[in-house]
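# Just to be clear, the model below is a prediction. Sequence and coordinates:
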Amino acid sequence: MAEVIIVTSADDAGSLVADEIVSLVAAKPNAVLGLATGSTPLPVYRALASRRDEMDLSGVSGFALDEYVGLPASHPESYRSVITREVVEPLGLDPERVHVPNGALDTIEHAGADYEEAIIAAGGIDLQILGIGTDGHIGFNEPGSSFASRTRVKTLTKQTRRDNARFFASEDEVPMHCITQGLGTIQRARHLVLLAFGAGKARAVAGAVEGPISATLPGSALQLHERATVIVDEAAAADLKNADYYRHAYANKPSWQGL
């Protein structure tokens, strides 16, 4: 089962994950990070930015989870732009080492296979940061996605487009398609760290951690991973039946284990 850590705030979660990444980079200077976008991982990136002097990130590589199809890379809400703005520049990463799926229409037919090859060539992802949608999706793997899926084009649900409309002038401007790492791709990462905050994520978190393993709730794929850590605030933990045990287990966890 995934380890569940319940924290008092998103900033506390960010600090925990930053600690893990600092330790990872110290042990492996050419570490490969899987980078999520959206508001959920921002506390992690902020915490890391405040600790830039503690680590040498010059050899670190990154792979974004997904990208919109047909949205120019120069668009402010393309994930290429978001990753540059929220991760590459604040952390001082080498832009050449940070990869985002190619959503350009003229190469979209083989963009998924190209991305898979790039991840493998980099040695695989050491730590993958994840969020979870209100419908349980991770990356842009909407309900019904195969647990064996690799990076490919997906059609976004109405709910996902509605959720992401806050980043655009209107819901109509949110692209209909995306290219996303598949659940099988995500499962190849050596450590998965899923973050969720707020009451709106409580149902999805409970389903992912304690519900049946089902393609209907893609986040439940975490239960199949050998090293998955779920970090949530009290509101997002509200529907967890075993919350008291998770608190007990974390309070008594050996310090040498890290996340």
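Cool, got the structure. It should be emphasised that the depicted structure is a prediction, and the values quoted were computed from it without experimental measurement.
# drop to CA atoms for contacts and neighbour counts, all remaining ones
Fine.
# Moving C-terminal from the helix or strand of the chain with the lowest mean pLDDT, which element do we reach first?
Here the helix or strand of the chain ranked lowest by mean pLDDT, DSSP states H and E is helix 158-164, holding a mean of 88. Once the chain leaves helix 158-164, the next helix or strand it forms, by DSSP states H and E, is strand 177-180.
# So what touches that following strand?
Strand 177-180 is contacted by residues 65-69, 101-103, 112, 139-141, 151-156 when judged by C-alpha atoms under 8 Å, 6 or more residues apart in numbering.
# ok, now with 7 Å
Strand 177-180 is contacted from outside by 65-69, 101, 103, 139-140, 151-156, using C-alpha atoms under 7 Å, 6 or more residues apart in numbering.
# Check stretch 43-53 too.
10-11, 14-15, 17-18, 87, 90-91.
# for stretch 165-172, same thing?
So stretch 165-172 is contacted by 77, 161-162, 174 (C-alpha under 7 Å, 6+ apart).
# before we move on, back to that, quick check on the contacts of strand 177-180: which are buried?
Applying 16 or more other C-alpha atoms under 10 Å to these, the neighbour count classes 65-69, 101, 103, 139-140, 151-154, 156 as buried.
# from those residues, which ones fall inside strands?
In this view, those that belong to strands under DSSP state E are 66-68, 152-154.
# now for the residues you listed, which pair is the farthest apart?
Taking C-alpha to C-alpha, the two most distant members of those are Tyr68 and Arg152; they sit 11.5 Å apart.
# Mind exporting the C-alpha coordinates of stretch 177-189 to CSV?
Extracted C-alpha coordinates of stretch 177-189, given in CSV (Å, rounded to 0.1, in the frame of the first residue of the first chain):
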residue,chain,number,x,y,z
HIS,A,177,-6.6,17.0,-26.5
CYS,A,178,-3.4,16.5,-24.6
ILE,A,179,-0.3,14.3,-24.7
THR,A,180,0.4,12.6,-21.4
GLN,A,181,2.7,10.1,-19.8
GLY,A,182,0.7,6.9,-19.5
LEU,A,183,-0.1,5.1,-16.2
GLY,A,184,2.5,2.5,-17.3
THR,A,185,5.0,5.2,-17.9
ILE,A,186,4.4,6.7,-14.5
GLN,A,187,4.6,3.3,-12.8
ARG,A,188,8.2,2.9,-14.1
ALA,A,189,9.4,5.8,-11.9
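# ok, back up a step: columns pLDDT on top of the contacts of stretch 43-53, output as a markdown table?
Below are these laid out as a markdown table (pLDDT from 0 to 100):
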| residue | pLDDT |
| --- | --- |
| Ala10 | 98 |
| Asp11 | 97 |
| Gly14 | 98 |
| Ser15 | 97 |
| Val17 | 97 |
| Ala18 | 97 |
| Val87 | 97 |
| Pro90 | 96 |
| Leu91 | 96 |
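# Now do the least confident helix or strand of the chain: distance to the chain's middle.
17 Å (C-alpha atoms, centre = their mean, to the nearest Å).
# Stretch 59-66 now?
Distance, stretch centre to chain centre, for stretch 59-66: 11 Å (C-alpha atoms, centre = their mean).
# Buried residues, it. List them.
So for stretch 59-66, counting by 16+ other C-alpha under 10 Å, buried means 60-66.
# before we move on, the earlier item: out of the contacts of stretch 43-53, which is most surrounded?
Highest neighbour count within the contacts of stretch 43-53, by other C-alpha atoms under 10 Å: Val17, with 27 neighbours.
# so it sits in a helix?
Yes: checked against DSSP: H, G, I helix; E, B strand; the rest coil, Val17 lies within a helix.
# Next, count neighbours for the nearest residue to it once chain neighbours are set aside.
Of all residues not flanking Val17 in the chain, Val44 sits nearest, at 6.2 Å (C-alpha to C-alpha, 6 or more residues apart in numbering). When counting by other C-alpha under 10 Å, one arrives at 23 neighbours for Val44.
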